[in-house]
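fold the following and give me the result.
(one chain, ligands or ions: 2)
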Amino acid sequence: ALTDKLTRLVKEMRGQARITESNVQDMLREVRMALLEADVALPVVRDFIARVKDKALGQEVMGSLKPGQALVGIVHRELVATMGEGVADINLNAQPPAVILMAGLQGAGKTTTTAKLAKHLIEKRKKKVLTVSGDVYRPAAIEQLKTVTAQAGAEWFPSTPDQKPLDIALAALDYAKKHYFDVLLVDTAGRLAIDELLMQEIKDLHAAIKPVETLFVVDAMQGQDAINTAKAFKEALPLTGIILTKLDGDSRGGAALSVRQITGAPIKFAGVSEKLDGLEVFDAERHAGRILGMGDIVALVEQVSAGVDMEAAQKLAAKVKSGDGFDLNDFLGQLQQMKQMGGLSSLMDKLPAQLSAKAGAVDMDRAEKDIKRKEGIIQSMTPKERRRPELIKATRKKRIANGAGVQVQEVNRLLKEFEQMQGMMKKMKGGGLMKMMKKMGG
Ligand code: GDP
Ligand code: MG
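Ligands and ions are numbered 1, 2, ... in the order given. Down below sits the predicted model:
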């Protein structure tokens, strides 16, 4: 939706040289919608839009930049600034064992993340790690931590449902001291923010074990309600960091912005799979792109500066949004549009500075050659084959390879890439251009 609407507005604005009160209002309305669609909480959106507006109207001379381009740049920079630049690893700056308390709603991913962190601290920081579960309400929760702790290669301190969480934590702390552990990770019961009793329990736990890190684990798929959860936990505990889980899902992850703004705590890590290696250092740049829809930004910038085949682009966007019917013709269309943009390298120059710096790691020359080869392969296919790639078996592959002057393996590789792209398009609903470029750069 953001693409369509901003596209129209940018078209109307083309030729206007400056950001003015009236054109910025229209654009901001669309940005606001996009943020709400990404599930950023309403009050956070309001604040954010106000800041962007100030900055946008404050810009006097935009140089060669057109207003649309400039505004997208401002929005992007403000998103990054709000979510926090720079990375903050886990703070272990304490008399060992450094205690880490995990807090968050039921199902947020605390237990999984506890094991992920254990693995991270063992492998990346060479620490001796102990875990313990204070979740005495569900016997299965203690067993779950035992299992994932073993997978992480850490040690697990036993607890049972008839114990008090406070006693469990203190016993584990004592054990950790005696056995020279560097880190003690304390997993806690899943609680609902409104549950006063459980909130009091974790407060008492915090007071007794004095953690150096109190991490708020929050599900990226949580929508508008993230703000209430974050408020409740911030009031109860001095949070030192946030871990955003389930970023591998479909959501645009607007919760990051809400939670960061409400708690003021840095977002330290992102969970990107159920597996224990699915933990990444949180990247505000990349996440800003995700919230806005990276494909949207690229499309917008491109249009403002060059003027692409709008109709084709919209058709493709509609197809992709419907989640099916993405075939090799569309794939070819994408490749050709990328060329039409005047070369990937020149497109990169048009992106906001931080974005192009990131993309700069890609070998553009190679990427462009690669596009041409792929184009050649698809052009050697019959229209029917392009519509129904599943028809392409051994004999056809050989014919196509001959026609394009490549090896059969290369045809296979293209088909595989197409399949991945098809899957990705469905998942990302059109935001996949950046990923695609990276892929093509090898
Ligand atoms: P807890 O109640 O807060 O301890 O949450 P759990 O750690 O038990 O996780 C709840 C569910 O979310 C489990 O099925 C996990 O496998 C899943 N989960 C946790 N983190 C992630 C993640 O980053 N990505 C995905 N896809 N699933 C996750
Ligand atoms: Mg749990």
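
do I have it right that Asp204 meets Leu166?
Yes. Contact between Asp204 and Leu166 holds when scored by Cβ atoms under 8 Å: they sit 6.0 Å apart. C-beta coordinates here come from the backbone N, C-alpha and C atoms, glycine included.

show me where pLDDT drops low in the protein?
Along the chain, the model assigns pLDDT under 70 to residues 1-20, 22-23, 58-69, 85-87, 192-194, 293-325, 337-365, 367, 424-442.

how are the helices of the stretch 101-250 of the chain distributed by residue range?
With DSSP state H, counting those that start in this stretch, the ranges of helices along the stretch 101-250 of the chain come out as 110-125, 139-152, 165-178, 196-209, 226-236.

quick one, the longest one and helix 139-152 angle?
The one in question is helix 110-125. Angle of helix 110-125 versus helix 139-152, following axes from the mean of the first three to the mean of the last three Cα atoms, to 10 degrees, is 20 degrees.

please enumerate residues in contact with helix 110-125?
89-90, 92, 100, 102-104, 127-129, 131, 133, 135, 141, 144-145, 148-149, 151-154, 182-183, 185, 187-188, 190, 215, 217, 243, 245, 269, 271, 274, 276-279 (Cβ atoms under 8 Å, 6 or more residues apart in numbering).

helix or strand for the nearest residue to Leu328 once chain neighbours are set aside, which one?
Nearest residue to Leu328, sequence neighbours excluded (Cβ to Cβ, 6 or more residues apart in numbering): Arg386, at 4.0 Å. Using DSSP states H and E, Arg386 maps to helix 383-387.

who are the packing partners of that helix?
Counting contacts by 3 or more Cβ pairs under 8 Å, 6 or more residues apart in numbering; DSSP states H and E, helix 383-387 is packed against helix 328-340.

can you tell if the helix or strand Val411 falls within touches ligand 1?
Counting by DSSP H and E, the element that carries Val411 is helix 408-428. No. Using Cβ under 6 Å from any ligand atom, helix 408-428 stays clear of ligand 1, coming no nearer than 12.6 Å.

send the alpha carbons of that helix over as PDB?
What follows is helix 408-428 as a C-alpha-only set of coordinates in PDB (Å, rounded to 0.1, in the frame of the first residue of the first chain):
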ATOM      1  CA  VAL A 408      22.900 -27.100 -17.700                       C
ATOM      2  CA  GLN A 409      24.000 -26.500 -14.100                       C
ATOM      3  CA  GLU A 410      23.500 -22.800 -14.600                       C
ATOM      4  CA  VAL A 411      20.000 -23.400 -15.800                       C
ATOM      5  CA  ASN A 412      19.400 -25.500 -12.600                       C
ATOM      6  CA  ARG A 413      20.800 -22.700 -10.500                       C
ATOM      7  CA  LEU A 414      18.500 -20.200 -12.100                       C
ATOM      8  CA  LEU A 415      15.500 -22.300 -11.600                       C
ATOM      9  CA  LYS A 416      16.400 -22.900  -8.000                       C
ATOM     10  CA  GLU A 417      16.900 -19.200  -7.400                       C
ATOM     11  CA  PHE A 418      13.600 -18.500  -9.100                       C
ATOM     12  CA  GLU A 419      11.900 -20.900  -6.700                       C
ATOM     13  CA  GLN A 420      13.500 -19.200  -3.700                       C
ATOM     14  CA  MET A 421      12.500 -15.900  -5.000                       C
ATOM     15  CA  GLN A 422       8.900 -17.000  -5.500                       C
ATOM     16  CA  GLY A 423       8.900 -18.200  -1.900                       C
ATOM     17  CA  MET A 424      10.500 -15.000  -0.700                       C
ATOM     18  CA  MET A 425       8.100 -12.800  -2.700                       C
ATOM     19  CA  LYS A 426       5.200 -14.400  -1.100                       C
ATOM     20  CA  LYS A 427       6.700 -13.900   2.300                       C
ATOM     21  CA  MET A 428       7.900 -10.400   1.900                       C
END
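
any idea how far Val259 is from ligand 1?
Val259 is 15 Å from ligand 1, where distance means Cβ to the nearest ligand atom, to the nearest Å.

return the distance of the helix or strand where that residue lies from the chain's centre.
Element membership for Val259 (DSSP H and E) is helix 255-263. How far helix 255-263 lies from its chain's middle: 14 Å, per Cα atoms, centre = their mean, to the nearest Å.

residues contacting the residue in the stretch 201-350 of the chain that ligand 2 sits nearest to?
For the stretch 201-350 of the chain, the residue closest to ligand 2 is Val217, as judged by Cβ to the ion, at 9.4 Å. Applying Cβ under 8 Å, 6+ apart, we find Val217 in contact with Met102, Ala103, Gly104, Ala108, Gly109, Lys110, Thr113, Ile242, Ile243, Thr245.

burial count for the closest residue to the fifth one other than its chain neighbours?
Same thing as Gly109. Once flanking residues are discounted, Gly109 sits nearest to Thr245: 3.6 Å by Cβ to Cβ, 6+ apart. Using other Cβ atoms under 10 Å, Thr245 is surrounded by 29 other residues.

cool, the one 10 residues further on as well?
The number of residues packed around Ala255, counting by other Cβ under 10 Å, is 32.

who does Val183 form a beta bridge with?
Val183 has these beta-bridge partners by DSSP bridges: Ala98, Val129.

can you verify my assumption that it contacts Asn93?
No. In this structure, Val183 is not within contact of Asn93 by Cβ under 8 Å, at 11.8 Å.

neighbour count: the two, which is higher?
Val183 (26 against 8).

next one: the more buried one from Arg413, what distance?
As for Val183, its distance to Arg413 is 44 Å (criterion: Cβ to Cβ, to the nearest Å).

same question, Leu42
46 Å.

residues contacting the residue nearest to Gly109?
Counting by Cβ under 8 Å, 6+ apart, Thr245 has contacts Ala108, Gly109, Thr112, Thr113, Val217, Val218, Asp219, Ala220, Ala270, Gly271.
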